[in-house]
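Enquirer: Here you go, sequence then predicted model.
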Amino acid sequence: MDKIYSHPKSLRNISTHYCPGCGHGIAHRIIAEIIDELGIRERTIALAPVGCAVIAYDYWNFDCSEAAHGRALAVATGIKRIHPDKIVFTYQGDGDLAAIGTNETIHAANRGENLTVIFINNAIYGMTGGQMAPTTLAGQKTATTPLGRDVSLQGYPLKISEMLALLPAVKYIERVSLHSPQEIIKTKKAIKQAFENQINNIGFSLVEVLSPCPTYWGMSPKQALDWIKEVMVKEFPLGKIK
Amino acid sequence: MKTKILLSGNEAIAQGAIDAGCQFYAGYPITPQNELIAYMALHMPQQGRVFIQAESELAAINMVFGASAAGARAMTSSSSPGVSLKQEGISYIAGAELPAVIVNMMRGGPGLGNIWPAQSDYFQATRSGGHGDYHCVVLAPASVQEAYELMFSAFNLADKYLMPVMILGDGMLGQMMEPLQLSAVSCQLSAKSKKPWALTGCQGREPNIAKSFRMLEGDLEKLNLKLQKKYQLIKAKEQCCESLFLDDAKIILVAYGSMARIAKSVVNALRSKGKKAGLIRPITLWPFPKNIFKQVAQKNKKAKILVVEMSYGQMLEDVKLSLEGKLAVDFLGRAGGGIPTEEEIIKQIYG
């Protein structure tokens, strides 16, 4: 009998610390599967963020570095410029990539660094306890917007992917979601594309992944998936942006 | 044949880094160190090495983190306000035990201050400038030649002890030009240098992780104890200073960097008049050359010490700590662009 499905070698066979219904576990596994499929585990170097996925390097089974909050794309730039033959990717949340690290994000993209960016957008700060993220929706209640995000004071959900698409050195941007099996299949396809782009020296590629955070959305895992499908995708439409 | 070339301190540091095998430079423009970044922009790519003008000091130091984690000899440079911005990254580099070289050509502060020479970042450089219990080795060149040569020491110490090493110069040293004798042998370092911890892809080995984050109970304390042990070793092994006429000196000037050039002129002028002056010029500011002070206090009990700085008394504290109250210590300092003159120093000594 042929073995058609197994645990990816790029993912250690241990439990994660993520909450029930969290999207990180799915995203980690998708990345691990792709790295196995592309046969690049032994030449991959990942950048773990500051945020809930801070110890992603405990789960992935390849070389990894930490980066200070927001600085993943600067650290990744340093690594990739020294090892242009290695596959370097960052895995960053919305606060990391689109608030404290906006500068690093925009300029790594503008330099056209041949990197792959996995941008997990769950519209909230998870690790610190559910505060407003740059991508928090208008009216969304968080620890720091207890009455809901008031756009007149706190601004609008930041569409960093659309902003980056304006830059000539950015080669590929797609927004995907983890809210259903079909969407997860599309997510895998997009992330694989972003890795293949790097392998083929095409340049800066970013996949924005809408990901559930039931704990800090105050929902059950099922409600969280439905909220992405019914509410979040209206603000963050899915599909290829560039 | 060894020929001398005329370079500014900033350019000499850049050339020293290149000759010492620096493979990666990232920096952001700031006066008075712009000749350094410009020199790197021209010469690094010519030698197939990496130069990046970063979008900020934060990005620059984090690019250095990455390049260093990838196994390269990596450096950044800046001046006081920019080095303040780099402190977060320096703390991470110390915590992750990565080698890196950071150059600070100090200017006047606080705040945006001005672009005149100063030595007001001594505390920031020699204590933990960022968060956490850590140190950088801090080297203080006093001439263009020494600025060049100390780049070799800086990279070697960084690689030996796996930690950040800072070159602490000032705007005067950076801007002034002096003849420089280049080293005959430049370091031929590449990815071949042994760095088994480096991120190179996990072919044929278990994955490597570059990190400072340690959440498991006791794990971070263990790292801290390891760092402290390393720092004790460095304090015992790496103290370095220049000294002049200590045996019979009645007045010993203590100064580092550009300030030490002026102090040395004073000492020579006084000696030519038959007055017994001496000099201690710390070259390592951390580890501070405590031993020389202990020796002086033992052998020359009547000597008086005068610390001269372009600050309001920062190294002064280390001198006092080293002497443990055994010799009288006087101080002369100016900062914010003021530089103590020979006349002011002589007046401070003799009234």
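Expert: Nice, I can see it. Numbers count the residues shown, from 1 in each chain, chains lettered A, B, ... in the order given.

Enquirer: So the closest residue to chain A within chain B: helix, strand or coil?
Expert: Across chain B, the shortest distance to chain A (C-beta to the nearest C-beta) belongs to residue B:66, at 2.5 Å. Backbone N, C-alpha and C define where each C-beta goes, glycine included. Following DSSP: H, G, I helix; E, B strand; the rest coil, the label given to residue B:66 is helix.

Enquirer: so how far is residue B:100 from the nearest residue to residue B:233 once chain neighbours are set aside?
Expert: Once flanking residues are discounted, residue B:233 sits nearest to residue B:161: 8.0 Å by C-beta to C-beta, 6 or more residues apart in numbering or on different chains. Counting by C-beta to C-beta, to the nearest Å, the gap between residue B:161 and residue B:100 amounts to 11 Å.

Enquirer: Which of those two has more residues huddled nearby?
Expert: Remark: of residue B:161 and residue B:100, residue B:100 carries more neighbours, 31 against 20, as counted by other C-beta atoms under 10 Å in any protein chain shown.

Enquirer: what's the more buried one in contact with, if anything?
Expert: B:64, B:65, B:68, B:74, B:75, B:76, B:90, B:93, B:158, B:164, B:165 (C-beta atoms under 8 Å, 6 or more residues apart in numbering or on different chains).

Enquirer: how about 10 Å then?
Expert: Residue B:100 makes contact with B:24, B:61, B:64-65, B:67-69, B:72-76, B:89-90, B:93-94, B:136, B:154-155, B:158-159, B:162-166 under the criterion C-beta atoms under 10 Å, 6 or more residues apart in numbering or on different chains.

Enquirer: Also residue A:186?
Expert: Contacts for residue A:186 were tallied using C-beta under 10 Å, 6+ apart; they are A:174, A:176, A:177, A:178, A:180, A:238, A:239.

Enquirer: Chain A: helices as residue ranges?
Expert: In order along the chain, chain A carries the following helices (DSSP state H): A:24-38, A:56-59, A:72-82, A:94-95, A:102-111, A:151-154, A:160-165, A:181-199, A:214-217, A:221-227, A:233-235.

Enquirer: Would you mind extracting the C-alpha trace of the longest one into CSV?
Expert: Presented in CSV, the C-alpha positions along helix A:181-199 are these (Å, rounded to 0.1, in the frame of the first residue of the first chain):
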residue,chain,number,x,y,z
PRO,A,181,-10.8,23.3,4.0
GLN,A,182,-11.2,24.8,0.5
GLU,A,183,-9.5,28.1,1.6
ILE,A,184,-6.8,26.1,3.4
ILE,A,185,-6.0,24.4,0.0
LYS,A,186,-5.9,27.8,-1.6
THR,A,187,-3.6,29.1,1.2
LYS,A,188,-1.2,26.2,0.6
LYS,A,189,-1.1,26.9,-3.1
ALA,A,190,-0.4,30.6,-2.5
ILE,A,191,2.4,29.9,0.0
LYS,A,192,3.9,27.4,-2.3
GLN,A,193,3.9,30.0,-5.1
ALA,A,194,5.7,32.4,-2.7
PHE,A,195,8.4,29.9,-2.0
GLU,A,196,8.8,28.9,-5.6
ASN,A,197,9.2,32.6,-6.5
GLN,A,198,12.2,32.7,-4.2
ILE,A,199,13.7,29.5,-5.5
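
Enquirer: So which bits of that helix are buried?
Expert: Counting neighbours by 16 or more other C-beta atoms under 10 Å in any protein chain shown, one finds that the buried residues in helix A:181-199 are A:183-184, A:186-188, A:190-195, A:197-198.

Enquirer: ok, now stretch A:10-23?
Expert: For stretch A:10-23, the neighbour count (16+ other C-beta under 10 Å) marks A:10, A:11, A:12, A:16, A:18, A:19, A:21, A:22, A:23 as buried.

Enquirer: Could you report the neighbour count for the closest residue in space to the last one that isn't next to it in sequence?
Expert: Pointing back at residue A:23 there. The shortest distance from residue A:23 to any non-neighbouring residue, by C-beta to C-beta, 6+ apart, is to residue A:211 (3.1 Å). Each residue near residue A:211 was counted by other C-beta under 10 Å, and the total is 27.

Enquirer: just to revisit the earlier point, what about chain B: which of the contacts of residue A:186 touch it?
Expert: Restricting the contacts of residue A:186 to those within reach of chain B (C-beta under 10 Å from any C-beta of the partner chain) leaves nothing.

Enquirer: of the residues you listed, buried ones?
Expert: Of all the contacts of residue A:186 considered here, the ones buried according to neighbour count by 16+ other C-beta under 10 Å are A:174, A:176, A:177, A:178, A:238.

Enquirer: pLDDT score for the residue lying closest to the third one once chain neighbours are set aside?
Expert: When you say that, I think you mean residue A:177. Spatial nearest neighbour of residue A:177, excluding adjacent residues (C-beta to C-beta, 6+ apart): residue A:210 at 4.0 Å. What the model reports for residue A:210 is a pLDDT of 98.

Enquirer: likewise residue B:183?
Expert: Turning to residue B:183, the model gives it a pLDDT of 79.

Enquirer: Equivalent analysis for the one 4 residues further on, please.
Expert: Looking at residue B:187, its pLDDT is 60.

Enquirer: List the residues that contact the nearest residue to residue B:44 once chain neighbours are set aside.
Expert: With sequence-adjacent residues excluded and distances taken as C-beta to C-beta, 6+ apart, residue B:44 is closest to residue B:51, at 3.9 Å. For residue B:51, the residues meeting the contact criterion (C-beta under 10 Å, 6+ apart) are A:81, B:24-27, B:37, B:39-45.

Enquirer: Pull out the buried residues from those residues.
Expert: Using 16+ other C-beta under 10 Å as the threshold, A:81, B:24, B:25, B:26, B:27, B:37, B:39, B:40, B:43, B:44 are the buried ones among the contacts of residue B:51.

Enquirer: Show me chain B divided up by domain.
Expert: Chain B breaks down by automatic domain parsing into domains covering B:4-200+B:225-236, B:241-350.

Enquirer: For stretch B:129-143, measure first residue to last.
Expert: Between the opening and closing residues of stretch B:129-143 there is a gap of 25 Å (C-alpha to C-alpha, to the nearest Å).

Enquirer: What's the local residue count around residue B:199?
Expert: Taking other C-beta under 10 Å as the criterion, the count of residues near residue B:199 is 28.

Enquirer: Please report the distance of it from residue A:47.
Expert: The gap separating residue B:199 from residue A:47 is 10 Å, by C-beta to C-beta.

Enquirer: With residue B:349 instead?
Expert: Spatial separation of residue B:349 from residue A:47 under the definition C-beta to C-beta is 56 Å.

Enquirer: Residue of chain A closest to chain B, please.
Expert: Taking C-beta to the nearest C-beta as the measure, chain A has residue A:78 as its residue closest to chain B, at 2.5 Å.

Enquirer: Touching, that residue and residue B:65? I think so.
Expert: Yes. Residue A:78 lies in contact with residue B:65 (C-beta atoms under 10 Å); the separation is 6.4 Å.

Enquirer: Return every residue with contacts to both of the two.
Expert: Taking C-beta under 10 Å, 6+ apart as the contact definition, residue A:78 and residue B:65 share the neighbouring residues A:65, A:67, A:71, B:26, B:74.

Enquirer: Distance to residue B:300 and pLDDT for the residues you listed - can I get that in JSON lines?
Expert: Putting the shared contacts of residue A:78 and residue B:65 into JSON lines (distance: C-beta to C-beta, whole Å; pLDDT from 0 to 100) gives the following:
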{"residue": "A:65", "distance to residue B:300": "51", "pLDDT": "98"}
{"residue": "A:67", "distance to residue B:300": "52", "pLDDT": "98"}
{"residue": "A:71", "distance to residue B:300": "50", "pLDDT": "98"}
{"residue": "B:26", "distance to residue B:300": "47", "pLDDT": "98"}
{"residue": "B:74", "distance to residue B:300": "43", "pLDDT": "98"}
